[in-house]
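Asks: model this:
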Amino acid sequence: MDLPRGHGGYRPQPGSGPLVDLERLEVSAEVLLDPEIYERERDLLWKKSWLLLGHDSEIPNAGDHVSRYMGEDMVIVTRDRSGAIHVLLNSCTHRGMTVCRSEMGNSPGFVCPYHGWTFGIDGKLRGMPVAAQKMAGEQLTKEELGLKRARVGTHCGMIFATFDEEAPSLEEWLGDAAWYLTLMFGRSKNGMEVLGPPQRWVIEGNWKLAAEQFVGGDSYHIYSLHRSLFEMATLGNVTDIKPDDAPAGMGADVAFPQGHSFRCTPTDFSPIFGKDRAATMTTQDKLRALPPPGMTPELVEEMLGRFDEDQLRLLADMPPIVGGLFPNVGTHSFHFVHPDGGLLGAAHGLHVFVPRGPGKVEWWNWQLVEKDAPEELKDRIAETCTLATGPTGLLEADDGECWPFMQRAAQGGVAADGVTGTIKYHAQLGEIRPDWWRGGGTVSAGFSKDDGQWAFWRRYGEMIEGDIR
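Replies: The predicted structure is shown next:
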C-alpha cells in the first residue's frame, strides 16, 4: 500500500528507487516532503551526528547557559565552575518538564517548575522537595536521575555535541575539513567572539534546501539570484558575467567523505598592485597588503607565526570563503564593502539550520569578530554583517526567497513525477588538484559546479538509506 505524503499525494512504494541516486546524480524531491523521511532523519541523522550548538564566547563565565536545539530536542549548553562545557537535555528526568525556559542566563543550576527537582549546572540531580519521603522511589540512583548529558567537543571556539555514544570522535567527524575550518575561525591566538546573541528566523522550506547550498559552497547561483549585487558592483561587475566564463565562479570546491565542503576563491592582486608587482609578491606580502576578513595588520603578524607556509598560501591566494559542515552548518568569511562605501568590511559568521517539520526551517545566524580586533573594527564588521548576511542581509534575503518557492513547487502532483521530481547534480568536475595544494579533501579546481553539494547528498544517503558506519 502506498504511504500518504504530507501534501496529499503519494510517494512511491518503498524500495522502488533510492532517495539519493548515485548513478544518475539525482535526489528525489521526496526528501523535502515526506513525513516518514523526516522521522527517519530524527532517528538516523540528528541522534547520531555531531551538531553545532554555538560558540564558547557565549558562555564565558561559570553558571552561564544558553538554550539550543539538536534536531528538535531542546538542550542547555552550560559552563561549570571548572570551566568545563556541558550539553544537557532540557527535560526533567521525573516527568519530562523543561527545566530551563530562558534563552540565556547565569545560574547555579536549574529547578523544575513542576515538582521542584533541582539540578546542578552540570546536570547532576542535587535534590528535591520533601526528600525524606523518597519521591524519586528507590529503583534509580541519584546519579542515574541526572539530566541526560551529550558528548561535547570544541574546535576553534565552536561547541559541538552528540548523544550517540558510539559515534566517532569530533576529530574524526570533522576529518580533513578541520584544517580549512581553522583557516576561517582559528587564525589568531585568542580566537573569535560572537557579536551578541544569534539571529533567528523561520523560513517555509525544508532544512536541507538551506544546508546543501552552504555545505556545498554553491557559487553558481550568484550570477542570477544575487545579480543585483553585481549591478551595485559589490560582488563584481555585470560585464564580468559572460556566456562561457565569469571570474567570481572560478576557484575550487573541496569536499570530504563526511559530507562537509568548502568553496575557495582566488584573490587577484593585479588591480591593486599591477600584474608585474603582483607576480613577485610573497605570500606574506599579500597577507599584509590584504589581511583576511576581519583581521588587522597586527593580527596578520601574529597569524604568520601560527600557520605553516601551505596554510598561509591558501589564505593569500585562494581562501575558503563559504561552505559548511554536514549536516546543517553553514560557514562564511569574506570581504564586503562597508555601508559607507569607503571602507572594506567583513562578513564572518556561522549558520545552523534547525528542522521545524518537513516544510519549515529555523535559521540561526552568529556574527563573529576577532577578540583582539579594535572596537572600531568590531563595530564596522557588525554593520557589514547586517548588510550582507542574516534576515535583512542583501545576500541571504535573496537565498531565503528561493527555498519557500522550491518547497511549494515540489508539492504538486506533476512536479513530483518523472524527470521533474528530482533535484539534479549532473555538473561534476571531479578531482582537479593544483600542484601546490596541500590541504586534504577532494579538490575540484575550476568553475563552480556540483561537487561540493553532491558530497552532502552522498553522505545524507549513507546515513538515511545505508550503513552509517
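Asks: So for residue 310, what's the nearest residue that isn't a sequence neighbour?
Replies: residue 438 (3.8 Å; CB to CB, 6 or more residues apart in numbering). Just so you know, the C-beta spots here come from the backbone N, C-alpha and C atoms, and that holds for glycine as well.
Asks: Name the residues of stretch 28-42 that are buried.
Replies: Buried residues in stretch 28-42, counted by 16 or more other CB atoms under 10 Å: 28, 29, 30, 31, 32, 33, 34, 35, 36, 37, 38, 41.
Asks: show me what contacts the residue lying closest to the second one once chain neighbours are set aside?
Replies: The reference is to residue 29. If the residues on either side of it in the chain are set aside, residue 29 comes closest to residue 410, at 4.4 Å by CB to CB, 6+ apart. Going by CB atoms under 8 Å, 6 or more residues apart in numbering, residue 410 touches 29, 32, 33, 416, 421.
Asks: Residue 353: which of the residues you listed is nearest?
Replies: residue 32 (13.2 Å; CB to CB).
Asks: I'd say that closest one and residue 360 touch.
Replies: No. Applying CB atoms under 8 Å as the test, residue 32 and residue 360 come out as separate, 11.4 Å apart.
Asks: thinking again about what came up before, let me have the contacts of residue 410 in CSV, extended by pLDDT, secondary structure and distance to residue 403.
Replies: Formatted as CSV, the contacts of residue 410 follow (pLDDT from 0 to 100; DSSP: H, G, I helix; E, B strand; the rest coil; distance: CB to CB, whole Å):
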residue, pLDDT, secondary structure, distance to residue 403
29, 90, helix, 13
32, 92, helix, 10
33, 91, coil, 13
416, 57, coil, 17
421, 79, helix, 18
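Asks: Can you tell me, leaving aside adjacent residues, what's nearest to residue 151?
Replies: residue 162 is the one closest to residue 151 (CB to CB, 6+ apart), at 5.3 Å.
Asks: Enumerate every residue touching that neighbour.
Replies: 48, 49, 50, 51, 150, 151.
Asks: circling back to that earlier point, ok, the residue nearest to residue 310 - how many residues close by?
Replies: When neighbours are counted by other CB atoms under 10 Å, residue 438 registers 13.
Asks: Can you classify it by secondary structure?
Replies: Assigned by DSSP: H, G, I helix; E, B strand; the rest coil, the conformation of residue 438 is coil.
Asks: Just flag the most distant two among the buried residues of stretch 28-42.
Replies: The widest separation within the buried residues of stretch 28-42 (CB to CB) is 15.5 Å, between 29 and 41.
Asks: Give me the distance between the top helix by length along the chain and the centre of its chain.
Replies: When the chain is parsed with DSSP state H, its longest helix is helix 394-410. On the basis of CA atoms, centre = their mean, to the nearest Å, helix 394-410 sits 18 Å off its chain's mean C-alpha point.
Asks: Likewise for stretch 334-345?
Replies: With CA atoms, centre = their mean, you get 24 Å for stretch 334-345.
Asks: what does it rub up against?
Replies: Residues contacting stretch 334-345 (CB under 8 Å, 6+ apart): 234, 293, 321-322, 346-347, 380-381, 383-385, 387-388.
Asks: Name the nearest of the residues you listed relative to residue 134.
Replies: residue 385 (53.7 Å).
Asks: Could I get the contacting residues of the closest one?
Replies: With CB under 8 Å, 6+ apart, residue 385 has these contacts: 195, 345, 346, 347, 348, 349, 367, 393.
Asks: same deal with residue 114?
Replies: With CB under 8 Å, 6+ apart, residue 114 has these contacts: 92, 94, 95, 97.
Asks: For residue 399, state which of those is nearest.
Replies: Among these, and counting by CB to CB, the member closest to residue 399 is residue 97, at 37.2 Å.
Asks: For that closest one, which non-adjacent residue is spatially closest?
Replies: For residue 97, the spatially nearest residue (CB to CB, 6+ apart) is residue 114, at 4.2 Å.
Asks: Name the helix or strand for the one you found, please.
Replies: Assigned by DSSP states H and E, residue 114 belongs to neither a helix nor a strand.
Asks: How much space separates it from residue 72?
Replies: 21 Å (CB to CB, to the nearest Å).
Asks: By neighbours, which of the contacts of residue 114 wins?
Replies: residue 92 (22 neighbours).
Asks: Tell me the pLDDT of that residue.
Replies: We have a pLDDT of 97 for residue 92.
Asks: again, but for residue 236
Replies: Confidence for residue 236, expressed as pLDDT, is 61.
Asks: Now do the contacts for residue 328.
Replies: 51, 52, 207, 210, 211, 215, 352, 353, 354, 355.
Asks: where along the stretch 151-300 of the chain do the strands fall?
Replies: For the stretch 151-300 of the chain, the strands defined by DSSP state E, counting those that start in this stretch occupy 151-155, 158-162, 192-194, 199-203, 250-255, 261-264.
Asks: Please work out which of those is packed deepest.
Replies: strand 261-264 (a mean of 28; mean count of other CB atoms under 10 Å).
Asks: looking only at pLDDT, what's the mean for it?
Replies: 94.
Asks: just the contacts of residue 114 now: which is nearest residue 142?
Replies: residue 94 (12.3 Å).
Asks: What residues are recorded as beta-bridge partners of residue 369?
Replies: Beta-bridge partners for residue 369, by DSSP bridges, are residue 193.
Asks: Wait, it touches residue 196, no?
Replies: No. Applying CB under 8 Å as the test, residue 369 and residue 196 come out as separate, 10.7 Å apart.
Asks: quick one: which of these two has more around it?
Replies: The residue with more neighbours, out of residue 369 and residue 196, is residue 369; 24 against 9, by other CB under 10 Å.
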